[in-house]
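Participant: Okay, structure incoming, though there's no sequence with it:
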């Protein structure tokens, strides 16, 4: 992987942000909870946390699937993953499987019953990543998403604000008009609505399958 490859750029950016990530993400925890609630998790299910970062969603996902369920996750940033690993070890969670791997090549130990894309803009913009993830998801699985999107065009200069807000975290900060599009194309009943005064979104749908 070259230094200018999007994945490598992302890794370098999160190397600088890892230590303070949990504190910075605290303000969006209510949005994270709302997004996870859209998965309608049931005890015994297997849920996938895409681009899991420091594992901030693990506890909430475990609440949904119970001790008889399983949380699967992956994160390509070694620095972020190290914090997630420390979290799992500290809490003694035995039903969390996670790996330090990129979305384009990760191999999961089981098919997922539900999938969370929480602020995973670069992954959602990568067709290879989306295909690799969804081919490891059961048809009929619930999908929930949250992230940054562009302000409406009529807001004028505010359109640039969302791009500038996204750029420090993502190697591909564009594509903010409909960042859910690559995932939504494989879902039925997909719905989204704005959050954060128009700069954010949450969305959900049902994966229809068909990716081999």
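Facilitator: Ah, there it is. From a predicted model like this one, the values you see are computed outputs, not experimental measurements.

Participant: pLDDT on the lengthiest helix in the chain, on average?
Facilitator: Across the chain, the helix with the greatest residue count (assigned by DSSP state H) is helix 78-91. Along helix 78-91, the predicted confidence averages to a pLDDT of 98.

Participant: C-terminal to that helix, what's the next element?
Facilitator: Past helix 78-91, further along toward the C-terminus, the next helix or strand under DSSP states H and E is strand 96-99.

Participant: Pull the distance from the next helix or strand along the chain from that following strand to the chain's centre.
Facilitator: In the C-terminal direction, the helix or strand that comes right after strand 96-99 (DSSP H and E) is strand 112-118. With Cα atoms, centre = their mean, to the nearest Å as the basis, strand 112-118 stands 8 Å off its chain's centre.

Participant: Strand 112-118 pairs with which strands, parallel or anti?
Facilitator: strand 46-50 (parallel), strand 137-148 (parallel) (DSSP bridges).

Participant: List of residues touching it?
Facilitator: Strand 112-118 is contacted from outside by 32, 35-36, 39-42, 45-51, 57, 61, 72, 123-124, 133-134, 136-138, 141-147, 183, 207, using Cβ atoms under 8 Å, 6 or more residues apart in numbering. Every C-beta, even on glycine, is put in place using the N, C-alpha and C of the backbone.

Participant: Now restrict these to buried residues only.
Facilitator: When neighbours are counted using 16 or more other Cβ atoms under 10 Å, the contacts of strand 112-118 contain these buried positions: 32, 35-36, 39, 41, 45-51, 57, 61, 72, 123-124, 133-134, 136-137, 141-147, 183, 207.

Participant: and residue 183, how far is that from residue 121?
Facilitator: Here the criterion is Cβ to Cβ, to the nearest Å. By it, residue 183 lies 11 Å from residue 121.

Participant: Revised request: answer the last question for residue 53.
Facilitator: Distance of residue 53 to residue 121, computed by Cβ to Cβ: 13 Å.
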